[in-house]
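Colleague: Just to be clear, the model below is a prediction. Sequence and coordinates:
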Amino acid sequence: MEAKGEIDHRENRMKRKEMLEKKKTIDEIMKSASSEKDCLAHFPHFRHYQRNGLCIHLESGRGDKLSSNTKKYIQNLLKLNMEAPYGPEWPAEEKVKRREMVASEARYIFVHEIPNEDANKESEMMDKERKLICYPIVGFVHYRFILEEEVPVLYVYELQLEPRIQGKGLGKFLMQLIELIAGKNRMGAVVLTVQKANLLAMDFYLHKLKYTISAISPSRVDPLLGLEKSYEILCKALDHEAQIVFEFPLGKTSLLPKLKFGDSYAKKRMGTVT
């Protein structure tokens, strides 16, 4: 009969092995996702959006490959859409966003608007021909593959559209694409942060797209402290493990003592507009 110490030693060794195997798997997932050059290549039907008077073409991008004109456009659209929701916090937040937008880990989906006279030709164009034509950018998604609470997630840093193209279904279309990209890259969830003052965005994610206020959002971790925070962390889990971590039932978050306020990534991700 084995002594208790021998049993404990064997169990600890097995747990350690499981942890190392899990870490190896996560590292492989993150490495594979980060090495993806064009996430849109797997979803060709999502490169085009032609509804509600819009004719849109999508292109991928990276933060460390942005042209100076694209950087200026991103800065201007961020200010246009986010200065009001941030209020007095905007000057400091604007500096943070300028640093984030050019990071090598930043991934982009750029929204290009095609003029009506070219709309009929769009479907006939080859990719090489299309890239020679500089259709104007009218919005973008900035996302990253990161670890949140030790779970691989796709974190939406920004979803920004020019006001005149909002409310035409494009935001929902882009988020559907984001969820497909997350699933293809074996992410456990899609996570994003929204300013409480951004009522339209909160309604869009919670009611139209069925996201939930995450268990790592300040209001779920500690309701009293949550009142002092200007944001909520929203999520949509794509697998069971992520669901346990990010969508734990209300009133039971005390059973998850390791949860924090969404780690460092979530605290400042408040840039979603539809």
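Modeller: Arrived safely.
Colleague: what about residue 27, which SS state?
Modeller: At residue 27 the chain is in helix, as set by DSSP: H, G, I helix; E, B strand; the rest coil.
Colleague: Model confidence score at it, please.
Modeller: Predicted confidence (pLDDT) for residue 27: 94.
Colleague: got it, and residue 271?
Modeller: We have a pLDDT of 61 for residue 271.
Colleague: give me the beta-bridge partners of the closest residue to residue 70 other than its chain neighbours?
Modeller: Residue nearest to residue 70 in three dimensions, not counting chain neighbours: residue 137, with 6.9 Å by Cβ to Cβ, 6 or more residues apart in numbering. (Glycine included, C-beta is placed from N, CA and C.) Residue 137 has the following beta-bridge partners by DSSP bridges: residue 112.
Colleague: Show the subsequent helix or strand relative to the strand or helix carrying residue 171.
Modeller: Per DSSP states H and E, residue 171 falls inside helix 170-184. Helices and strands here follow DSSP H and E; after helix 170-184, the next one along the chain is strand 189-195.
Colleague: Run through the neighbouring helices and strands of that next one.
Modeller: Packing partners of strand 189-195 (3 or more Cβ pairs under 8 Å, 6 or more residues apart in numbering; DSSP states H and E): strand 151-161, helix 170-184, helix 199-203, strand 231-237, helix 240-246, helix 263-267, strand 271-272.
Colleague: and it, which strands flank it?
Modeller: Here, using DSSP bridges, strand 189-195 pairs with strand 151-161 (parallel), strand 231-237 (antiparallel).
Colleague: Please parse the protein into its domains.
Modeller: Following automatic domain parsing, one gets these domains for the chain: 1-35, 71-109+138-272.
Colleague: Can you tell me which of those domains is packed in deepest?
Modeller: Burial of these is given as mean neighbour count (mean count of other Cβ atoms under 10 Å); domain 71-109+138-272 ranks first at a mean of 18.
Colleague: How far does it sit from its chain's centre?
Modeller: From the chain centre to the centre of domain 71-109+138-272 is a distance of 6 Å (Cα atoms, centre = their mean, to the nearest Å).
Colleague: and if you look at stretch 108-119?
Modeller: 22 Å.
Colleague: Please apply the same query to stretch 15-35.
Modeller: Here stretch 15-35 is found 21 Å from its chain centre; the criterion is Cα atoms, centre = their mean.
Colleague: which other residues reach that stretch?
Modeller: With Cβ atoms under 8 Å, 6 or more residues apart in numbering as the test, stretch 15-35 has contacts from 105, 145, 147, 150, 152, 185-187.
Colleague: CA atoms only for that stretch, dumped as CSV, please.
Modeller: Extracted in CSV, the C-alpha atoms of stretch 15-35 (Å, rounded to 0.1, in the frame of the first residue of the first chain):
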residue,chain,number,x,y,z
LYS,A,15,-0.6,18.2,-12.1
ARG,A,16,2.7,19.8,-13.0
LYS,A,17,2.8,17.8,-16.2
GLU,A,18,-0.7,18.9,-17.1
MET,A,19,0.1,22.6,-16.4
LEU,A,20,3.2,22.4,-18.6
GLU,A,21,1.3,20.7,-21.4
LYS,A,22,-1.4,23.3,-21.2
LYS,A,23,1.1,26.1,-21.3
LYS,A,24,2.7,24.6,-24.3
THR,A,25,-0.6,24.4,-26.1
ILE,A,26,-1.4,28.0,-25.2
ASP,A,27,2.0,29.1,-26.4
GLU,A,28,1.5,27.3,-29.7
ILE,A,29,-2.0,28.9,-30.1
MET,A,30,-0.7,32.4,-29.5
LYS,A,31,2.3,31.9,-31.8
SER,A,32,0.2,30.6,-34.6
ALA,A,33,-2.3,33.5,-34.3
SER,A,34,0.4,36.1,-34.1
SER,A,35,2.1,34.8,-37.2
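Colleague: That'll do, ta.
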